[in-house]
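**Q** Below are the sequence and a predicted model; questions follow.
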Amino acid sequence: MQMLQMRIRSVGAALRFAESVLLAPGQRHARRNAWAAVCENREYAADRRHDALGASNAAGSTGPRSARR
């Protein structure tokens, strides 16, 4: 029996190797798509927080709190 001798230089490389051996290409593609969706949702949420902060600052800019900022 011939052994596959390969030097794995990092934990990340070892995990990618294990993923490539154990998971089918379709599952890896689905995982990448899911991660892209997570990143997109985080960006959307950050934009909403930014918009809400801007709206609250604009609405409250005439009160006494605005002088302390």
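**A** Sure thing, it's come through. Numbers count the residues shown, from 1 in each chain.
**Q** what helix or strand is the residue nearest the centre of the chain on?
**A** With distances taken as CA atoms, centre = their mean, the residue of the chain nearest its centroid is residue 39 (4.0 Å). Using DSSP states H and E, residue 39 sits in helix 25-59.
**Q** Report the rounded mean pLDDT for that helix.
**A** In this model, helix 25-59 carries a mean pLDDT of 88.
**Q** ok, residue 27 - contacts?
**A** Residue 27 makes no contacts at all, as judged by CB atoms under 8 Å, 6 or more residues apart in numbering. The way it works is simple: take the backbone N, C-alpha and C, and place the C-beta from them, glycine included.
**Q** separation between it and residue 20?
**A** From residue 27 across to residue 20, the span is 11 Å (CB to CB, to the nearest Å).
**Q** what do you get for residue 38?
**A** Look at residue 38 and residue 20: by CB to CB, they are 22 Å apart.
**Q** May I have the helix or strand harbouring residue 13 as PDB, with CA atoms only?
**A** Assigned by DSSP H and E, residue 13 belongs to helix 11-22. Taking C-alpha atoms only, helix 11-22 is exported to PDB below (Å, rounded to 0.1, in the frame of the first residue of the first chain):
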ATOM      1  CA  VAL A  11      -3.800  24.100  10.700                       C
ATOM      2  CA  GLY A  12      -5.800  26.000   8.000                       C
ATOM      3  CA  ALA A  13      -4.100  24.000   5.300                       C
ATOM      4  CA  ALA A  14      -4.900  20.800   7.200                       C
ATOM      5  CA  LEU A  15      -8.600  21.800   7.500                       C
ATOM      6  CA  ARG A  16      -8.900  22.700   3.900                       C
ATOM      7  CA  PHE A  17      -7.300  19.400   2.900                       C
ATOM      8  CA  ALA A  18      -9.700  17.500   5.200                       C
ATOM      9  CA  GLU A  19     -12.600  19.400   3.700                       C
ATOM     10  CA  SER A  20     -11.500  18.700   0.200                       C
ATOM     11  CA  VAL A  21     -11.200  15.000   1.000                       C
ATOM     12  CA  LEU A  22     -14.400  14.600   3.100                       C
END
